[in-house]
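Asker: when you get a sec, could you give me coordinates for this:
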Amino acid sequence: MQARESVVLVEGPDDRHVIHNLLKVQLPASAITIKAKEGIANLIGTLSVELRASDLCHLAIVVDADTDNQARRPGAPKCGSSVS
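Answerer: Numbering: from 1, shown residues only. This is a model prediction of the structure:
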């Protein structure tokens, strides 16, 4: 029986490096696959394929908060605005 895979999707190589270093303290290197998707658009674009992977056990997604939230989520309330 093939082992089920645990995957972390990140935006880019810097994120992969950070997540790898955070996780290596607790987990063996082979326990998790970290995939850099080269940007939020590519990450979102491949999400359905990643979710359908037959050997997938766990999926985590890490995205940066360093860009304009409105560009990522049109129609979302702006930071600091009240929601009614």
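Asker: contacts, neighbours, all on C-alpha from now
Answerer: Noted.
Asker: which SSE is immediately downstream of the helix or strand hosting I44?
Answerer: Per DSSP states H and E: I44 is located in helix 40-51. Next helix or strand after helix 40-51 toward the C-terminus (DSSP H and E): strand 56-62.
Asker: could you give the angle of that next one to helix 40-51?
Answerer: 170 degrees (axes from the mean of the first three to the mean of the last three C-alpha atoms, to 10 degrees).
Asker: what does the helix holding I44 contact?
Answerer: L9, V10, E11, K37, L59, V63 (C-alpha atoms under 8 Å, 6 or more residues apart in numbering).
Asker: next one: stretch 7-20
Answerer: 32-40, 43, 56, 58-64.
Asker: quick revisit: mind listing what's buried in the helix holding I44?
Answerer: I40, L43, E50 (16 or more other C-alpha atoms under 10 Å).
Asker: try stretch 27-42
Answerer: Going by 16+ other C-alpha under 10 Å, stretch 27-42 has these buried residues: I32, I34, K35, A36, K37, I40.
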